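Fold the following for me, if possible:
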Amino acid sequence: MKKLSDALVSNDDFFVEQVHLTAIVFDNTDDVTIWATTFRDDEPHFFHLGLPFHDLDTLLRVAGDRADALAEEVADALATTEEWPCLLEYTSDEDPPVPLPGVALKLAVTFPADAEEDDDPQPHNIFYLEGIYARLNG
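Below is the predicted model of the structure:
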């Protein structure tokens, strides 16, 4: 599977659809990282997505018939985890990737912090969530 950052044609914010969550990583801060896949040019691509915890709650609500179970799993992990970070994976037959149907995510490109100003830095395969948009079918 290819990295989403390798498929970028510019460094502008952009949208992805057909997103599937493959992991949720969080600790005792307000930050969360999602591991996800999407399609670009009809090929699967993976990426990491940084977002505030309250946006995770919104994403879990749009996870279709798995929304309640996922929210409960995250709540249980928050209440019982003794070592941070906590990793919840969705990559097996028992816990398959979680589709986010009817949703587009607006992503912002990030760059390495140590990139020199004169360099032409390559973007990270870590993006930041700028917005969650529902598709309205008419």
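
was I right about residue 37 contacting residue 20?
Yes. Counting by CB atoms under 8 Å, residue 37 touches residue 20, with 4.9 Å between them. To be clear about C-beta, it is placed using only N, CA and C from the backbone, and glycine gets the same treatment.

tell me, what's touching the two both at once?
residue 97 (CB atoms under 8 Å, 6 or more residues apart in numbering).

residue ranges with poor pLDDT in this structure?
Residues of the chain meeting the criterion pLDDT under 70: 115-120, 137-138.

hey, C-alpha coordinates of the helix or strand encompassing residue 68 in PDB?
Using DSSP states H and E, residue 68 sits within helix 67-80. Provided in PDB are the C-alpha atoms of helix 67-80 (Å, rounded to 0.1, in the frame of the first residue of the first chain):
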ATOM      1  CA  ALA A  67     -20.400   3.500  16.200                       C
ATOM      2  CA  ASP A  68     -21.700   2.500  19.600                       C
ATOM      3  CA  ALA A  69     -19.300  -0.400  20.000                       C
ATOM      4  CA  LEU A  70     -16.300   1.800  19.100                       C
ATOM      5  CA  ALA A  71     -17.300   4.600  21.500                       C
ATOM      6  CA  GLU A  72     -17.600   2.000  24.300                       C
ATOM      7  CA  GLU A  73     -14.200   0.500  23.400                       C
ATOM      8  CA  VAL A  74     -12.500   3.900  23.500                       C
ATOM      9  CA  ALA A  75     -14.300   4.700  26.800                       C
ATOM     10  CA  ASP A  76     -13.200   1.300  28.300                       C
ATOM     11  CA  ALA A  77      -9.600   1.900  27.200                       C
ATOM     12  CA  LEU A  78      -9.600   5.400  28.700                       C
ATOM     13  CA  ALA A  79     -10.900   4.000  32.000                       C
ATOM     14  CA  THR A  80      -8.600   1.000  32.300                       C
END
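
tell me what it is packed against?
With contacts defined as 3 or more CB pairs under 8 Å, 6 or more residues apart in numbering; DSSP states H and E, helix 67-80 has these neighbours: strand 20-26, helix 53-61, strand 86-89.
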